[in-house]
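A.B. asks: fold the stuff below for me.
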Amino acid sequence: MQPSNLERVEAFFWENFRERGELGASLSIWHEGREVLSLAGGYVDRNRETPWTASTPVLVWSATKGPAAACLLHALERHGESLETPVAEYWPEFAREGKGELTFGDVLAHRAGVAALDREVNVLDHEGVVAALAAQTPNWPLVKGSGGHGYHPRTFGALVEELLRRVEGCTAGEYWLRYFAVPMGLDFWIGVPEAQLERVAPIYAASAASTQMRNPEDDAFYKALQDKASLTSRAFSSPGGLAGVAVMNTPRMRQAGLAGFGGIGTAHALAKFYAMLAEGGVMEGVRYFHSTAPMERVRSEGDDRVLLRPTAFAAGFMHDPVDASGAKIRTLFGPFMRAFGQPGAGGSHAFADPENRIAFAYVMNQMEQSVMPNEKALGLVRALYGL
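C.D. replies: Next comes the predicted model:
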């Protein structure tokens, strides 16, 4: 890693505050198992009364999916279970409506076809969501090997949560604490303990003016999002019960342990987790995974039925898709092919680059209107790699 690139990263980080409306943010970059850059600045609140520090935790939305998926992968590894095992072996009810051949790998790679629910159910009613998932007719034909995929923005977490309960007998939040957060000393939670609630920074919804940060690639997605009948809109609104961004600032939602989009933590913690993955599953002499191959092997690639653009997923983690020549279409995770991670709505971003033993995490509290990482995060990635 070039020191000059880290200098460019730091310059761009502070430029975000001057030119791109950053409020509070942290960045953590690791290389070869150690933190090489930690930046934090701005404010926790819009009144600019409480300074933001590197120890400020904040909601990361769908960047939660990486840690949650890692919990299920870890549990399957511990139990000697294959990703090709049908989900119905652990969850028989899920086999209804033609879903009997779906595997753990299909679920983790967004191939399950249950991105949107027909039943109205509250996101906090886990048993109700589970029943709705089992009863759901697939959102698209499940043709084995060629049925396609579509991002599961909300239901992914419920699927992972239920499978962990059935495989391991505990929640995703409990599993995360036991096998990752406590051993690694991570200030990251899937369900914030009451004693930590006061530390958490509020998250702020994007303003209408922030559309200028959108990538033109987002246009079809946002058009579909306005059509309540579209799969895109339905997927991003079911399960229900989220009446705007501000509801996620309530203690009830912070403590709910929503495995798809409720994770709260610091950039340092999220980057250290990905640093362990970038080191092949080892951190500080402790082996957490025998292999990270399931996170690197792409299982779904092509047109995404929900995000309406090409996407690629391994087991639980997003990759940059490639074109017919094998070149990356986008570089959310840098220019190297093995890199994987998961962004969060509004701007949070985190990934591992095993080829270069690099890990990256960026968290912030002022969201922007972008379904994929926006310029505030992508500029940091470009600076890191000298792009």
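A.B. asks: which pLDDT value goes with residue 208?
C.D. replies: Looking at residue 208, its pLDDT is 67.
A.B. asks: which residues in the chain form strands?
C.D. replies: Per DSSP state E, the chain carries strands over the ranges 24-31, 34-42, 58-59, 188-189, 264-265, 282-283, 286-287, 300-303, 310-313, 318-319, 340-341, 349-353, 358-364.
A.B. asks: pairing partners for the second one, with directions?
C.D. replies: Listed by DSSP bridges, the sheet partners of strand 34-42 and their directions read strand 24-31 (antiparallel).
A.B. asks: now the partner strand: mean pLDDT?
C.D. replies: 98.
A.B. asks: off-centre distance for it?
C.D. replies: On the basis of Cα atoms, centre = their mean, to the nearest Å, strand 24-31 sits 16 Å off its chain's mean C-alpha point.
A.B. asks: and if you look at stretch 9-20?
C.D. replies: That offset, for stretch 9-20, works out to 24 Å (Cα atoms, centre = their mean).
A.B. asks: again, but for stretch 328-336
C.D. replies: Distance of stretch 328-336 from the chain centroid (Cα atoms, centre = their mean) equals 17 Å.
A.B. asks: what does stretch 53-63 give?
C.D. replies: The answer for stretch 53-63 is 12 Å, by Cα atoms, centre = their mean.
A.B. asks: now it - C-alpha only, CSV.
C.D. replies: Provided in CSV are the C-alpha atoms of stretch 53-63 (Å, rounded to 0.1, in the frame of the first residue of the first chain):
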residue,chain,number,x,y,z
THR,A,53,-15.1,10.6,17.2
ALA,A,54,-13.6,7.3,16.1
SER,A,55,-15.6,5.6,18.9
THR,A,56,-19.0,6.9,17.7
PRO,A,57,-21.3,4.0,16.6
VAL,A,58,-24.0,4.6,14.0
LEU,A,59,-26.5,2.6,12.0
VAL,A,60,-25.0,1.1,8.8
TRP,A,61,-28.2,-0.2,7.2
SER,A,62,-27.5,-3.0,4.8
ALA,A,63,-23.8,-3.1,5.6
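A.B. asks: from here on, count from 48
C.D. replies: Right, with 48 as the first residue, what we last looked at is stretch 100-110.
A.B. asks: now do the buried residues in that stretch.
C.D. replies: 101, 103, 104, 105, 106, 107, 108, 109, 110 (16 or more other Cβ atoms under 10 Å). In this view, the C-beta of every residue, glycine as well, is placed from N, C-alpha and C.
A.B. asks: just give the nearest non-adjacent residue to the second one, would you?
C.D. replies: Once its chain neighbours are removed from consideration, residue 103 has its nearest residue in residue 248; the separation is 5.2 Å (Cβ to Cβ, 6 or more residues apart in numbering).
A.B. asks: I'd say residue 428 and residue 377 touch.
C.D. replies: No: between residue 428 and residue 377 no contact is recorded; they are 10.5 Å apart, counting by Cβ atoms under 8 Å.
A.B. asks: so those two - more neighbours on which side?
C.D. replies: Each of residue 428 and residue 377 has its neighbours counted (other Cβ atoms under 10 Å); residue 428 has more, 23 against 16.
A.B. asks: count residues in the vicinity of the closest residue to the more buried one other than its chain neighbours, would you?
C.D. replies: Distances taken as Cβ to Cβ, 6+ apart put residue 381 closest to residue 428, at 5.9 Å, once the chain neighbours are dropped. Residue 381 sits with 22 neighbouring residues when counted by other Cβ under 10 Å.
A.B. asks: do you know how far residue 381 is from residue 420?
C.D. replies: Residue 381 sits 12 Å away from residue 420, going by Cβ to Cβ, to the nearest Å.
A.B. asks: quick check: neighbours shared by the two?
C.D. replies: Counting by Cβ atoms under 8 Å, 6 or more residues apart in numbering, the residues touching both residue 381 and residue 420 are residue 428.
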